[in-house]
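Peer 1: please find the sequence and the predicted model below.
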Amino acid sequence: MLIVGASLFFALTSNMPFLRAVLAGRNWSEPQTWLFSGAMLALLLALHMLLLGVLLVRPLTRVLLGLLIVVTAFATYYMQRFGVFLDPTMLRNVVKTDPAEAAELFGWGVLPHLFLFAGLPLLLLSRLRLRPVTLRRALATRLLLLAGSAVLLLAALLLIFQDFSALMRNQKELRYLITPANYLYSLGRVLADDGRALGTARQAVGADARLDASWASRDKPVLFIVAVGETARSANWGLSDYARQTTPRLAELDVLNFPDVTACGTNTETSLPCMFSAIGRRDYNETRIRTSESLLHVLNRAGFQVLWRDNQSGCKGVCDGLPQQLSDAALTPDLCSDGRCLDETLLRGLDTVTRDAKGNLVVALHMLGNHGPAYHKRYPDGFRRFIPTCDTGELRKCNREEIINAYDNALSYTDEVLAKTVDFLRAQQSRYDTALLYVSDHGESLGEKGLYLHGVPYAIAPDEQTKVPMVWWFSRGFLDSLGLDRSCLAAQTAKAWSHDNLFHSVLGLLRIETKDYAAELDISGACRRLGQAGQKDRATQDALASSLGSQS
Ligand SMILES: [Zn+2]
């Protein structure tokens, strides 16, 4: 009885987003709609009876069901508030979250919802008395329940099969709205995948990687900074024709801006491993990506020192076994509060790193960027340029204008940090040939189509979540010594690119040879002057420049 009651409770109270989605656009004056929604409810009920029928064994019933009720109440709150789908990718985010991130997502607004959907049911649950029965009888009733649930499930399915199967084929993601089945299933998947990945050694990528012949004749080592942005979306990027100038500092620098870049995922856990992999989205295989070496391992093998500096939630495996520095409030107290630091912390002490480095160096900066929902915490007071701002993580308390203002302020702070990175790289030019590559991991919804934050399943994700800014900056010495044609590179910015191009473009820019390099995915592929780069090339170029100079 408890299982039936609890399943009914979940079917009726926890599946509003699912029911709304499957019933969208239907006409309530048609009997078919009533049949369909009735069958849907029966389906939800039967599914959860099956699930609970397997899960709840008598000694654990109260604890497990209590836990399910509380977690489900949280889940439905965030699903309704932000349009979240609890698929395996989202569950991975939840499992891998840290206290600072969780605290920012928590708002007091959740309390009334919790009281209603967890508090009251828990009270009821605590007053229930479970009558002991013999094992034989318990087994018999349980089997009967499971069989009955299965029959109900099948009957409901058959009744609306054509309609339902078409719906599920076209909008597979909808099943991740069925609560609490969605997170139970997804959690199982994540644990199973992690278990399988555990103990398998990372597959080597670019095992033959080495610097090409042009490197023999250069006079300075290379310093290459990869800045991985967070939650910056292309739509609000000043350099990419946004009505507001959110990138005033970069606009004054000699940067290459790529306005059409597609992210590999809609969340950090997916995008980061994917963008640093040779595999990418075109041949997507999450397990293969997670168990293969990343671009950083290839660079390291080719002879670069690699350092990962993190102001966020870690490198998600892409820097495993390589040196890492995590932002530390004790080291830069002026930039940190509430367990979070402003992104300038990533630049502190970078001069010590470059001074102590030997030879070629790649530094990855993992920014906190526009990590929501507390956008207002992502920038110092001086960057409150667009007002009024939303000054709480509880976005529903703000109107869209305030949310967008806070988001844009955070973006203009990213602009500042990137410009300061370029300043830093300029100052290093006497010792290094320097370059910066910035790209965001995914975008963000700011209320468009009723969605907030990010993490919508990739197949149905809106452009706001998948289109990201990318910016390149090169020192003269970097371009010359690596034989790169800047005007050719500038011409490439007009084309559409994606995270899939990152791996191969970095190898191409740095002239690293390996069989895993795919020239057709290298953005700079057409822009490399063939033959010897370095001194000789520079000499002919200087001669050419001076002869041209005399004409103009
Ligand atoms: Zn992210």
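Peer 2: Thanks, I have it.
Peer 1: the ion versus the closest residue to Ser498 other than its chain neighbours, what's the distance?
Peer 2: Excluding the flanking residues, the one nearest Ser498 by C-beta to C-beta, 6 or more residues apart in numbering is Thr262, at 4.1 Å. Backbone N, C-alpha and C define where each C-beta goes, glycine included. Per C-beta to the ion, to the nearest Å, Thr262 is found 15 Å from the ion.
Peer 1: contacting residues for Thr262?
Peer 2: For Thr262, the contact set (C-beta atoms under 8 Å, 6 or more residues apart in numbering) comprises Arg281, Thr466, Lys467, Val468, Ala496, Trp497, Ser498, His499.
Peer 1: likewise for Arg396?
Peer 2: Arg396 neighbours (C-beta under 8 Å, 6+ apart): Arg81, Gly109.
Peer 1: what pLDDT does the nearest residue to Leu322 once chain neighbours are set aside get?
Peer 2: With C-beta to C-beta, 6+ apart as the criterion, Leu322 has its nearest non-adjacent residue at 4.9 Å, and that residue is Val306. According to the prediction, Val306 has pLDDT 97.
Peer 1: Val306 touches Leu299, doesn't it?
Peer 2: Yes: using C-beta atoms under 8 Å, Val306 is in contact with Leu299, at 5.7 Å.
Peer 1: hey, what's in contact with both of those two?
Peer 2: Common neighbours of Val306 and Leu299, using C-beta under 8 Å, 6+ apart, are Val362.
Peer 1: now do the residue of the chain found nearest the ion against Ala181, distance only.
Peer 2: As assessed by C-beta to the ion, the ion sits closest to Thr268 within the chain, at 3.1 Å. Distance, Thr268 to Ala181, using C-beta to C-beta, to the nearest Å: 26 Å.
Peer 1: got it, and Leu120?
Peer 2: From Leu120 to Ala181 the distance is 22 Å (C-beta to C-beta).
Peer 1: the two: which is more packed in?
Peer 2: Ala181 (22 against 12; other C-beta atoms under 10 Å).
Peer 1: what sits against Asn370?
Peer 2: Shown in contact with Asn370 (C-beta under 8 Å, 6+ apart): Gly229, Glu230, Thr231, Ala232, Arg233, Arg378, Tyr407, Ala410, Leu411, Thr414, Glu444.
Peer 1: how about the contacts made by Thr89?
Peer 2: Going by C-beta under 8 Å, 6+ apart, Thr89 touches Gly265, Asn267, Glu269, Thr270, Gly455, Pro457.
Peer 1: which members of those residues are the farthest-apart pair?
Peer 2: Spatially, the most separated pair among the contacts of Thr89 is Glu269 and Pro457, at 13.3 Å (C-beta to C-beta).
Peer 1: quick check on the two: which one has the bigger neighbour count.
Peer 2: Glu269 (25 against 18).
Peer 1: report the contact partners of the more buried one.
Peer 2: Glu269 sits next to Thr89, Arg92, Asn93, Lys96, Lys316 when contact means C-beta under 8 Å, 6+ apart.
Peer 1: on that earlier part again, can I get the contacts of Asn370 in a markdown table including secondary structure, neighbour count and pLDDT?
Peer 2: What follows is the contacts of Asn370, written out as a markdown table (DSSP: H, G, I helix; E, B strand; the rest coil; neighbours: other C-beta atoms under 10 Å; pLDDT from 0 to 100):
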| residue | secondary structure | neighbour count | pLDDT |
| --- | --- | --- | --- |
| Gly229 | strand | 27 | 94 |
| Glu230 | coil | 25 | 95 |
| Thr231 | coil | 27 | 97 |
| Ala232 | coil | 28 | 98 |
| Arg233 | coil | 27 | 97 |
| Arg378 | helix | 25 | 96 |
| Tyr407 | helix | 26 | 97 |
| Ala410 | helix | 29 | 98 |
| Leu411 | helix | 31 | 98 |
| Thr414 | helix | 30 | 98 |
| Glu444 | coil | 29 | 96 |
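Peer 1: can you give me the helices in the stretch 101-250 of the chain?
Peer 2: Applying DSSP state H, counting those that start in this stretch to the stretch 101-250 of the chain gives helices spanning 110-114, 120-127, 135-159, 161-170, 181-197, 248-251.
Peer 1: next, the buried residues of the shortest one.
Peer 2: In this case it means helix 248-251. Within helix 248-251, the residues that count as buried by 16 or more other C-beta atoms under 10 Å are Arg249, Leu250.
Peer 1: do the same with the second one
Peer 2: Buried positions in helix 120-127, judged by neighbour count with 16+ other C-beta under 10 Å: Pro121, Leu122, Leu125.
Peer 1: and the longest one, by the same measure?
Peer 2: Residues Arg142, Leu145, Ser149, Leu152, Leu153, Ala156 are the ones in helix 135-159 that count as buried (16+ other C-beta under 10 Å).
Peer 1: for the closest residue to the fifth one other than its chain neighbours, give me phi and psi.
Peer 2: I take that to be Leu153. Nearest non-adjacent residue to Leu153, counting by C-beta to C-beta, 6+ apart: Ala46, 3.8 Å away. With angles defined as degrees, to the nearest 10, Ala46 sits at phi -60, psi -40.
Peer 1: residue contacts, Ala46?
Peer 2: Per C-beta under 8 Å, 6+ apart, neighbours of Ala46: Ser7, Ser149, Ala150, Leu152, Leu153, Ala156.
Peer 1: go with 6 Å
Peer 2: By C-beta atoms under 6 Å, 6 or more residues apart in numbering, Ala46 lies in contact with Ser149, Leu152, Leu153.
Peer 1: what of Ala278?
Peer 2: The neighbourhood of Ala278, defined by C-beta under 6 Å, 6+ apart, consists of Val205, Phe503, Asp516.
Peer 1: got a winner among these for most neighbours?
Peer 2: Sorting the contacts of Ala278 by how many neighbours each has (other C-beta under 10 Å) puts Phe503 first, at 26 neighbours.
Peer 1: name the helix or strand for that residue, please.
Peer 2: helix 500-509 (DSSP states H and E).
Peer 1: if we can go back for a sec, in its sheet, what does the helix or strand hosting the residue nearest to Leu322 sit against?
Peer 2: Taking DSSP H and E as the criterion, Val306 maps to strand 305-310. Applying DSSP bridges to the sheet, strand 305-310 is found paired with strand 324-326 (parallel), strand 361-366 (parallel).
Peer 1: and that strand with the ion, contact?
Peer 2: No: applying C-beta under 5 Å from the ion, one finds strand 305-310 separated from the ion by no less than 12.4 Å.
Peer 1: using PDB, list the CA coordinates for stretch 124-136.
Peer 2: Output of stretch 124-136 as PDB, limited to C-alpha atoms (Å, rounded to 0.1, in the frame of the first residue of the first chain):
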ATOM      1  CA  LEU A 124       2.800  11.400   7.100                       C
ATOM      2  CA  LEU A 125       5.500   8.800   6.600                       C
ATOM      3  CA  SER A 126       6.700   9.100  10.200                       C
ATOM      4  CA  ARG A 127       3.200   8.400  11.400                       C
ATOM      5  CA  LEU A 128       2.700   5.300   9.300                       C
ATOM      6  CA  ARG A 129       3.100   2.000  11.100                       C
ATOM      7  CA  LEU A 130       4.400  -0.800   8.900                       C
ATOM      8  CA  ARG A 131       2.800  -4.100   9.900                       C
ATOM      9  CA  PRO A 132       5.200  -7.000   9.900                       C
ATOM     10  CA  VAL A 133       4.100 -10.000   7.800                       C
ATOM     11  CA  THR A 134       5.700 -13.400   7.200                       C
ATOM     12  CA  LEU A 135       8.400 -13.600   4.600                       C
ATOM     13  CA  ARG A 136       6.300 -15.900   2.400                       C
END
